[in-house]
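S.K.: Below: sequence and its predicted model.
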Amino acid sequence: QLVPEELCEDEPPPKEVSCVMACSGDCVLSSWSDWSSCSHSCSSKNSEGRQSRTRTILGLPGEAKACPAATALEEWRTCNDHPCITFYWEASPWGPCIEDSSMNLNGTGYWNGTATCAVGVQIRKVVCMKMGVGPVIPKRCPESARPDTIQPCLLPCKKDCIVTPFSEWTACPTTCLPVNSSMPSQSRYRIIIQRAADGGQECPDTLYEERECEALLLCPIYRWKTHRWHPCTLVPDSVQQGMTGASESCGKGLEMRGVSCVDEYDEMAAVSECLRWAGPMPSRFRSCWVPCRDDCTFNSWSKFSECSGCGSRRTRKRTLTGRSRKQDRCQREDLYPLVESEPCPCEEFVSQPYGNWSSCILLETPAQGSLQGWRGRRETRDCGQGWRYRAVACLDHEAHLVSPDLCSESGLVEEVCHVPCPLDCKLSDWSPWSACSASCGSGLKIRSKWLREKPFNGGRPCPKLDLKNQVYEAVPCRSECNEYEWVTDPWSVCTINTVDELPACGEGVQSRKIRCVRRGSGDLVSSVNETLCDQEEIPPQAQTCVLPCPNDCVMSQWSQWSTCSIPCNESTVRTRTRHMLRPPVADRVCPDSNQTEPCSLNSTCFNYHYNVSSWSTCQLSEHAICGQGARTRLLDCIRSDGKVVDLSVCEELGLPQQWRLGMNCVVDCPFNCILSDWAPWTECSHTCGSKGVMTRSRSVLQQAHEEGRPCASQLSQTKPCPISPCYTWLLSDWSPCTVEGAECGEGTRKRNLTCVVHWSDWPDSPYPTKMVEDEKCGDRVRKESEQELQQPCFVPCPGDCHLTEWSQWSSCQLTCLEGRSFETVGRQARSQAVVIQVLENQDSCPHQVFETRPCK
C-alpha cells in the first residue's frame, strides 16, 4: 500500500542512474558472473584458496572494432586466506549431575526459578586434538578457545527411608511352662513408610526382631490317685423315693472309693492343686447290686486264664452257690453265664495311611522385611520345598481305632514336596533404533523388544504385544531434506559451428558443469555421488544460445521470473524482462523484451500447508518406568507437490497452525499382587474321627495390575488332623417283654447302655465298633434315666384284644394335584394295628393308633 514519501525515514533510492548504451558495431559483454566457490577452505604453506568470475561476449563487433582478449574475460582472486586449523579442542558429552559440597544449599531452595535441594555439577572431558592424528598435549591448542569442563546443574531432592518405631513386644506366657515344652519367644516389627530415593539414607536391614521370653518355672505336676472300692452299700427305697420306711436287705446300692491328690513324688497334696493342674476329679461313686434272698448267687469270678498271644482270648469262671444250684432259673446260662471271655491285651498297633495327601505346604521362615506395610511388603514366597501331610489311623490287632500317640508322635505322615516356581515373561533387550521412517521431514524411529519366553505357572504377564509378539517404542525424528544440492559452473562461451572464415555469429550451443555437493558444508568444490541429489531438479548441462552478428540488436539476459501469488492462482501469469544493450543497424529489429507464462500449480507456483508426523509412544522422564509422561510429534511444511520444505516457509506465509504437538499421557505402573499373611491354623473341625481338618487362609490386599505378579491361586490350605478314636454311648435293642411271676399281663422290657469306640462316620464306617470302659464316654450315664433303659410293656393273655408294635415309618409323601405339589414338606406315618383274638371281646378292643411326622 502506497503512503506519502515523507513517512519513510530512510533516504530514498536514486530515481536515475547513468548507463552506457553500446553503439552499432561495438563488442557487447555481459556483466561479471558471481565469484566461484573457493578452491580451499583454508590456506597453508602448500595451498591457498582461489576463486574466479567471468563474463561472456553477448554481441560481436563490426569490422573496425574488436572484443577484449580472452584473458580479459576472466578474473581471479585469493580467498579463505586464514591459516588452516591444525589443532582444535574436542569436548566429550556432559556427565551426570553429581553432588558438589561447595555448592550445597541448606534445605529446599530455588535455582533458575526451579525448586531444588542442592545444586550439583556436570563434568566433561576436553582434549586437544591434531587434525588427522588424534590427541596431543593441551599447549598446542589455543587456551582462549578452550570449552568449559564444568557447569552447575540441578540435583533432585534426596529422600531418606522412613520407618515406624518398633511395635510393642508380643506377650509372653505369664503362668508356667508345661513339661517338655519349648521356650516361648516374643517378637516385634516395624513398617517402611517411605523408601529411600535419589541417594537418600537406605532403610535399616532389621524390620523384625525376636527374643526369648524370660525364664519361667515349669508347671507343677499333680495327679489324682484312686483307692479301692468299698463294699456295696444299700440305698433304701425310702431314701430313693423320698419316704421313710423299713430298711432293705438287698437290691440296688452304691460303691464308694477314696480319691486323693498327690504330687510328682507321690506325697499328699491339697485337692485344689489337682483341680487346677490335673483336671476333673475321677468319679467316687458307682452303682452296685446286693443280691436278694431269691436271687441267684455265685462265688467270685476266678482269675482270667493266661493269654497265648496277640489276638487270643482269656476266660474266667464262677459257680452257683447255695440254693441257687437247685433252681432251674439260675441254671439258665443265657441269663446267668458261668464263663466269661475277653480278648487278651495286645500292644501291637498298625499305622494305616488314611485319606488324601494335603496340598504342598511351604515351610514358613520369618524373613527380614516380612512386615513392611502393605505398599512395600516383600513378595510372598509361593514356591520351593515344602511338606505335605496325610492322616494315619492307628489300629490295634482287631482293626479297632486307638489313640494316634500309640503309633506316632504327630499322627500324620509327612513327605517332602515341591511347589514349582513361576516363570515370568521374558523379553529381549531393546534393538538398535531404526532409521527415521521419513527420508525427508518428520517421522518416527522405532526400537523393539520381542518375546523370548511366555509366562508360566503364575509368572508376571507380558506387556501388550503386537501381532509379531513384539513391544515397541517410537520417538519423533527428522531427516534433513535437500541435504545435497546441485551446484552449477558458469555457462561456457556460445559455440557456433561455421564452414567458412566468416565471423561466427547466430545460433549456437553452450554448456556448463554441474556437481552434487552436501548443503551447508562450505565445500562447494568436492562433489559427491550425483544420485544423492534430487534427480527431478537436475539443472540442464547444455542449452542453445544466440550470438548476435555485428549489425544485430543485442539484448541483455532475461531477468528472474516474477513470483506467482500464494496461494497459487492459475488465472494469473508471471513475467520476465530484458533490455537492449546495442541497437540494430538499418531495418533490423530487436526481439521482444517481455515474456509471460501462466502460473501453473506444481510447476511455476505452489501452495503450502502444515502437516504432522505420527505420535510417539508415551515418553517418561529419565529412569522412570511408569507414571506421567508425554507424547510428541513434529511439524512439517509441505509443498503442494508433496515435497517437504523448510518450516520457515510456512511461518513466513503466516499459515494457521492448529496441530497439537504434545499431549500428556500415563503409563500404568505395574503392581504385584499383595496377599495377607497366612492366618493361624484353625482348631480341628472334629475332635475325633477321620473327618477332622485344620484350615488356614489369606486374603488379597491388592490385585495385580498390568505386568505385576498375579495373585497365587491358592488362598486357603487344609491339612488333616490326627485320627483319634471317638467314644459314644450305644443303646441296645429292647429286650422281650417279661412279666414277673406270670405268663401274661403288665411287664417290663429293658435295654443296655454301652460305651463303644468308633470312627466319626459311624455307623456308616466300614470299621467295626468295640465296647470299651464306661469312663471313656464320660458321665452321660446314670446317666440315662430309668425311663430310657426300662419301660412298661404288655404281654397279651389268650383271648385278649391288643395293639401290635409300631410299624415302620412309611415313605415320605407329598399331596399332589394333577401331578403338581403345592407343599414343600411331606408327611410320613406309622400305626399300631388291633389284633382281635376272640370276636366276643371286640367291643372292648382299643382303636387302631396312627402317628405322623413331617419329612423331606
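M.R.: In hand now; what should we look at?
S.K.: for the stretch 451-600 of the chain, what are the low-confidence residue spans?
M.R.: Scanning the stretch 451-600 of the chain for pLDDT under 70 picks out 499-503, 520-525.
S.K.: Just the strands from it, written as ranges.
M.R.: For the stretch 451-600 of the chain, the strands defined by DSSP state E, counting those that start in this stretch cover 470-479, 484-488, 506-511, 514-518, 542-547, 554-555, 573-577, 580-582, 594-598.
S.K.: next one: the stretch 601-750 of the chain
M.R.: Along the stretch 601-750 of the chain, the segments classed as strands by DSSP E, counting those that start in this stretch run 608-612, 627-632, 635-639, 644-645, 662-667, 674-675, 693-697, 700-702, 716-720, 726-731, 745-750.
S.K.: who does the strand or helix carrying V413 pair up with?
M.R.: V413 is part of strand 412-419, with elements assigned from DSSP states H and E. Its sheet considered, strand 412-419 pairs with strand 384-395 (antiparallel) by DSSP bridges.
S.K.: Name the residues of the strand it pairs with that come out as buried.
M.R.: Neighbour-count burial for strand 384-395, counted by 16 or more other C-beta atoms under 10 Å, picks out 386, 388-395. In short, each C-beta sits where N, CA and C put it, glycine included.
S.K.: Repeat that for stretch 621-631.
M.R.: 629, 631.
S.K.: ok, residues contacting it?
M.R.: 615-620, 662-670 (C-beta atoms under 8 Å, 6 or more residues apart in numbering).
S.K.: Filter these down to the buried ones, PyMOL style.
M.R.: Here is the PyMOL command that selects the buried residues among the contacts of stretch 621-631 (16+ other C-beta under 10 Å):
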select buried, resi 615+616+617+618+619+620+665+667+670
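S.K.: I361 contacts Q385, correct?
M.R.: No. When contacts are counted by C-beta atoms under 8 Å, I361 is not listed as touching Q385 (10.7 Å).
S.K.: OK, contacts around the spatially closest residue to V838 that is not a sequence neighbour?
M.R.: Using C-beta to C-beta, 6 or more residues apart in numbering and skipping residues adjacent in sequence, the residue nearest V838 is G799, 4.4 Å away. Going by C-beta under 8 Å, 6+ apart, G799 touches 837-838, 841.
S.K.: To which secondary structure element type does G799 belong?
M.R.: coil (DSSP: H, G, I helix; E, B strand; the rest coil).
S.K.: Now do the buried residues in stretch 688-703.
M.R.: By neighbour count on 16+ other C-beta under 10 Å, the buried set for stretch 688-703 is 688-694, 698.
S.K.: Let's see it as PDB, backbone CA atoms only.
M.R.: What follows is stretch 688-703, C-alpha atoms only, in PDB (Å, rounded to 0.1, in the frame of the first residue of the first chain):
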ATOM      1  CA  CYS A 688     -12.200 -87.200  66.900                       C
ATOM      2  CA  GLY A 689     -12.500 -89.500  63.900                       C
ATOM      3  CA  SER A 690     -11.200 -89.200  60.300                       C
ATOM      4  CA  LYS A 691     -13.000 -86.100  59.200                       C
ATOM      5  CA  GLY A 692     -11.100 -83.500  61.200                       C
ATOM      6  CA  VAL A 693      -9.100 -80.900  59.200                       C
ATOM      7  CA  MET A 694      -7.300 -77.700  60.100                       C
ATOM      8  CA  THR A 695      -7.500 -74.800  57.700                       C
ATOM      9  CA  ARG A 696      -5.800 -71.500  57.200                       C
ATOM     10  CA  SER A 697      -6.500 -68.800  54.700                       C
ATOM     11  CA  ARG A 698      -5.200 -65.500  53.400                       C
ATOM     12  CA  SER A 699      -6.800 -62.700  51.500                       C
ATOM     13  CA  VAL A 700      -5.900 -60.400  48.600                       C
ATOM     14  CA  LEU A 701      -4.900 -56.900  49.800                       C
ATOM     15  CA  GLN A 702      -4.100 -55.600  46.300                       C
ATOM     16  CA  GLN A 703      -4.900 -57.200  43.000                       C
END
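S.K.: ok, the closest residue to H418 other than its chain neighbours - contacts?
M.R.: In space, and not counting its chain neighbours, H418 is closest to Q385: 5.7 Å by C-beta to C-beta, 6+ apart. Going by C-beta under 8 Å, 6+ apart, Q385 touches 362-363, 416-418.
S.K.: start to end distance for stretch 558-573?
M.R.: End-to-end span of stretch 558-573 (C-alpha to C-alpha, to the nearest Å): 16 Å.
S.K.: Now the residue nearest the centre of the chain. Its backbone dihedrals?
M.R.: Nearest to the mean C-alpha position of the chain, by C-alpha atoms, centre = their mean, lies G708 at 2.0 Å. G708 adopts backbone torsions of phi -70, psi 160, taken as degrees, to the nearest 10.
S.K.: pLDDT score assigned to it?
M.R.: According to the prediction, G708 has pLDDT 85.
S.K.: Distance check, it against Y472.
M.R.: In this view, G708 and Y472 are 22 Å apart by C-beta to C-beta, to the nearest Å.
S.K.: what about D396, neighbour count?
M.R.: 20 (other C-beta atoms under 10 Å).
S.K.: In this structure it contacts C407, no?
M.R.: No. Using C-beta under 8 Å, D396 is not in contact with C407, being 10.2 Å away.
S.K.: ok so, going back, now, among the buried residues of stretch 688-703, which is nearest to G508?
M.R.: Nearest to G508 among the buried residues of stretch 688-703, counting by C-beta to C-beta, is R698 at 99.5 Å.
S.K.: Would you map the strands across the stretch 1-150 of the chain?
M.R.: For the stretch 1-150 of the chain, the strands defined by DSSP E, counting those that start in this stretch occupy 28-29, 49-54, 57-59, 74-79, 87-91, 109-111, 114-116, 118-123, 126-130, 134-135, 150-155.
S.K.: so which of those strands is the most packed in?
M.R.: Compared across the strands of the stretch 1-150 of the chain, strand 57-59 shows the largest average neighbour count, a mean of 22 (mean count of other C-beta atoms under 10 Å).
S.K.: which other helices and strands contact that one?
M.R.: strand 28-29, strand 542-547, strand 580-582 (3 or more C-beta pairs under 8 Å, 6 or more residues apart in numbering; DSSP states H and E).
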